[in-house]
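Engineer: give me coordinates for this.
(one chain, ligands or ions: 1)
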Amino acid sequence: MISICWFRRVLRLHDHPALVAAARRGPVIPLVILDPDEAARRPASAARQAASLPHLARDLAEQGSRLVIRRGSAAHVLPQLLRETGAVSIHATAGFPFASDDGLNARLAPAAIHFHSPGDLVSQLRRRPGGGGAYKVFTPFWKALRQSDVSEPLAAPVLTAPQNWPASDPVDWPEARTAMARGWDILNRHFRAGERQAHDCLDQFLNAAVAGYALYKEEPWRAGATSELSEALAVGEISARQIWRRALLASHEGVSGVEPFLRQLAWRAFSRELCASFPDMDTHSWRPAWEAFPWRKDNADAEAWRRGETGEPLVDAGMRELYATGRMHNRVRMITASYLTKHLLTDWRVGVDWFSQTLADWDPASNAVNWQWVAGCGPDASPFFRIFNPQTQAAKFDGEGRYRDYWLKETSEGAQRFASAAPRSWRARSSGRRTPDLDGGRRRALAAFAAMKTPG
Ligand code: FAD
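Structural biologist: Numbering: from 1, shown residues only. Just a heads-up that it's a prediction; the model follows:
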C-alpha cells in the first residue's frame, strides 16, 4: 500500500516521525508542496526552503527514493496526487502554529491524512503532576524541560520506492522572486542549506564557539558567536530534539557553555507551548487589555524603519542586515523591535508582518511571541516601560561601531550588499523621515502606557 509523506517544513530524513510511519506501511512517495500564496506572503522563508530542496532530493536519491515537488495549495495538490498514484494514506507533521489543518481530511476521504509529532521539545516535556495546563511563565517551563528525559531521535527509515513515480515540478517559486523585490538570488548566497550542513553547523558550534556563547552571544559584530541554527530549525533540516541530545552529550563529554545554549533553545519550545494554547498569538495581544493600547497603525516612520532610514545607526544597521541577508542578530532584533513599538509607538503587528516577509528563519511562534515580549503585551513579557535606548545599547554591544560601520559606511562591503539588494524605488527616493528624537519618543510611549494603566 503506497503512502505519501508530505514533507512540511520538516526537510530531513532523520528524526522524522511522519516519514517513519509512512515507511512502515510500504512504498513511500516523498512530497513537497510549493504553495504560491505562502511564497508571496513570506518570500525569504520560501527562498530558504527552496534552497534546501536540492539537498533533500539528493539525500532521497541516495536511498533509492525520489522527491516529488508539486505547486499549488495542499487542498488542491493532495487529492490530485492520491488520484494519480492510488496512494491510500498521507503522513504529515502536525502542530505548525497557526496553520489550520481543518477540512483537509474531509477533502481527502476515503484516504486519510495522519498527523505526527514534529520531534519537538514541547512533546518531550514532563508535564506538571495533576495537569495544571500549559506553561505561561518561562522559568518553570525551562526547569520542567531541563528535568525531562528528551528521547533519542529517530533513525532515517529504509524507503521502498513505488513501481511508478508521479511527475514532479521543478524547484521554483516564482511568487517568492516577485514578492521579494530584492531578489532571491541575493539571499540564496547566504544560505547554508541541507540536513548535512545543519549537523556540520551544530558540530562546529559545539566544538568551538559554545564555550564562549554566554560571554559573546550579545555582540552582533562577532561572527560565529551563536549557533546560526535557526534557519535549519525553521525549515526542519534538523530537529530541536537532535540538537538538545547532541548538546547534552557534548556537555557530558566535558564541553563547557552548553547550559545557556539549551536555555535559549528552550525559548523556542516555550514559544510553541504558548502558541498551542493561544493560536491567535500573531494577530491578538495575549493580554486582552493591550488591544485598547493606542498603537499607531502603519505609518511613514515605520516605512523609514523598514528601509533602515530612521537615522538611528544601530536600528538602521539591523534593518539593512535583515533586508540584504534575511538575517538579524537576536540583540538587534530586540532593539529594532523596541524602537518600532516604543519610540515610534507603532503596532507590534506591523513588525510581525515585516519580519515574516524578510526573515529567512521565520518561525510563526518565535516571531509572534518575541514581538509580544518586546512590546509588553505578551506572556512573561518585558515590561513596556523598559525601553531600550538604541544608543546605550550600541555603546554596550557594539562599542567600536564595527557592526554599524559594516552596514552603514558607504564604502563597506555590507553597505554595498544592501545597496544592491534594495529595490530601485528605495534607492530613488528616501523615506524622508526626520531625525528621530529619542527623548520625545520615549516620553510619548510612557504617556500612552500611563493612560492605558489608568483608564478614564
Ligand atoms: P542561538 O543563540 O544559537 O540559539 C539557539 C536556538 O535557540 C536558535 O536557533 C533558536 O531556535 C532558539 N532561540 C534563541 N533565542 C530565541 C528567542 N529569543 N526566542 C525563540 N527561540 C530562540 N527566531 C526564529 O527562529 N524565527 C523568528 O521568526 C524569530 N523572530 C524573532 C523576532 C523578534 C522581535 C526577536 C526579538 C527574536 C526573534 N527570534 C526568532 C529569536 C532569535 O532572534 C533567533 O532565534 C536567533 O537570533 C537565531 O540565531 P541563532 O540560531 O544563532 O541562535
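Engineer: and the contacts of the helix or strand containing Leu322?
Structural biologist: Element membership for Leu322 (DSSP states H and E) is helix 313-325. Helix 313-325 has contacts (CB atoms under 8 Å, 6 or more residues apart in numbering) with 182, 186-187, 190, 220, 305-310, 327-329, 332-333, 335-336, 339, 355, 358-360, 390-391, 393-394, 398, 401, 403-404, 406-408, 414-415, 417-418, 421-422. Placement of C-beta: from N, CA and C, glycine included.
Engineer: tell me how far that helix lies from the chain's centre.
Structural biologist: 18 Å (CA atoms, centre = their mean, to the nearest Å).
Engineer: beyond that helix, next helix or strand please.
Structural biologist: For helix 313-325, the following helix or strand on the C-terminal side (DSSP H and E) is helix 330-338.
Engineer: that following helix vs helix 313-325, what angle?
Structural biologist: Taking axes from the mean of the first three to the mean of the last three CA atoms, to 10 degrees, one finds helix 330-338 and helix 313-325 inclined to each other by 110 degrees.
Engineer: helix 330-338 - what's its average pLDDT?
Structural biologist: The average pLDDT for helix 330-338 rounds to 98.
Engineer: does the next helix-or-strand element following that helix come close to the ligand?
Structural biologist: Going down the chain from helix 330-338, the next helix or strand is helix 348-358, by DSSP H and E. Yes. Interface with the ligand: helix 348-358 contributes Phe355 (CB under 6 Å from any ligand atom).
Engineer: and helix 348-358, what does it pack against?
Structural biologist: For helix 348-358, the elements it packs on are helix 43-62, helix 313-325, helix 330-338, helix 364-375, judged by 3 or more CB pairs under 8 Å, 6 or more residues apart in numbering; DSSP states H and E.
Engineer: reformat those as a markdown table; add mean neighbour count.
Structural biologist: Listed next are the helices and strands packed on helix 348-358 as a markdown table, based on neighbours: other CB atoms under 10 Å:
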| stretch | mean neighbour count |
| --- | --- |
| helix 43-62 | 22 |
| helix 313-325 | 26 |
| helix 330-338 | 23 |
| helix 364-375 | 25 |
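Engineer: so Leu104 sits right up against Ala111, yeah?
Structural biologist: No. Leu104 lies out of contact with Ala111 (CB atoms under 8 Å); the separation is 10.8 Å.
Engineer: next helix or strand past the helix or strand hosting His199?
Structural biologist: Taking DSSP H and E as the criterion, His199 maps to helix 195-207. Going down the chain from helix 195-207, the next helix or strand is helix 213-216, by DSSP H and E.
Engineer: quick one, the helix holding Leu322 and helix 348-358 angle?
Structural biologist: Going by the same axes, to 10 degrees, helix 313-325 makes 40 degrees with helix 348-358.
Engineer: average pLDDT for helix 313-325?
Structural biologist: 95.
Engineer: kindly report the same for stretch 39-52.
Structural biologist: Stretch 39-52 carries an average pLDDT of 92.
Engineer: need the CA coordinates for that stretch. CSV is fine.
Structural biologist: Once non-C-alpha atoms are left out, stretch 39-52 reads as follows in CSV (Å, rounded to 0.1, in the frame of the first residue of the first chain):
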residue,chain,number,x,y,z
ALA,A,39,5.7,32.3,-1.1
ALA,A,40,4.1,35.6,-1.8
ARG,A,41,3.5,36.3,1.9
ARG,A,42,6.8,35.0,3.2
PRO,A,43,9.3,35.2,0.4
ALA,A,44,12.5,35.0,2.4
SER,A,45,11.3,31.9,4.2
ALA,A,46,10.2,30.4,0.9
ALA,A,47,13.6,31.1,-0.6
ARG,A,48,15.2,29.3,2.4
GLN,A,49,13.0,26.3,1.9
ALA,A,50,13.7,26.2,-1.8
ALA,A,51,17.4,26.3,-1.1
SER,A,52,17.0,23.1,0.9
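Engineer: what are the contacting residues of that stretch?
Structural biologist: Residues outside stretch 39-52 that contact it (CB under 8 Å, 6+ apart): 9, 11, 34, 38, 171-180, 184, 187-188, 191, 193-194, 231, 234-235, 237, 326, 356-362.
Engineer: list only those of those flagged as buried.
Structural biologist: Buried subset of the contacts of stretch 39-52 (neighbour count, 16 or more other CB atoms under 10 Å): 9, 11, 34, 38, 171, 173, 175-177, 179-180, 184, 187, 191, 193-194, 231, 234-235, 237, 326, 356-362.
Engineer: where are the low-confidence patches of the chain?
Structural biologist: By pLDDT under 70, the low-scoring segments of the chain are 95, 98-100, 102, 129-131, 181-183, 431-436, 454-456.
Engineer: contact residues of it facing the ligand?
Structural biologist: Near the ligand, when you scan the chain using CB under 6 Å from any ligand atom, you find 217, 226-230, 233-234, 264-265, 267-268, 271, 330, 333-334, 337, 355, 359, 361-363, 366-367, 370-371, 374.
Engineer: I'd assumed His114 was in a strand, is it?
Structural biologist: Yes. Counting by DSSP: H, G, I helix; E, B strand; the rest coil, His114 falls inside a strand.
Engineer: quick check: which element contains the residue nearest to it when sequence neighbours are not counted?
Structural biologist: Once flanking residues are discounted, His114 sits nearest to His91: 5.1 Å by CB to CB, 6 or more residues apart in numbering. According to DSSP H and E, His91 maps onto strand 89-93.
Engineer: for Gln391, same thing?
Structural biologist: Gln391 is part of helix 390-397, with elements assigned from DSSP H and E.
Engineer: can you give me the buried ones in that helix?
Structural biologist: Quick answer for helix 390-397 (16+ other CB under 10 Å): 390, 393-394, 397.
Engineer: after it, next one along is what?
Structural biologist: Later in the chain than helix 390-397, the nearest helix or strand by DSSP H and E is helix 402-408.
Engineer: in that following helix, what counts as buried?
Structural biologist: Here helix 402-408 shows 403-408 as buried, counting by 16+ other CB under 10 Å.
Engineer: could you dump those residues into CSV with distance to Ala450 added?
Structural biologist: Listed next are those as CSV, based on distance: CB to CB, whole Å:
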residue, distance to Ala450
Tyr403, 34
Arg404, 33
Asp405, 38
Tyr406, 39
Trp407, 35
Leu408, 35
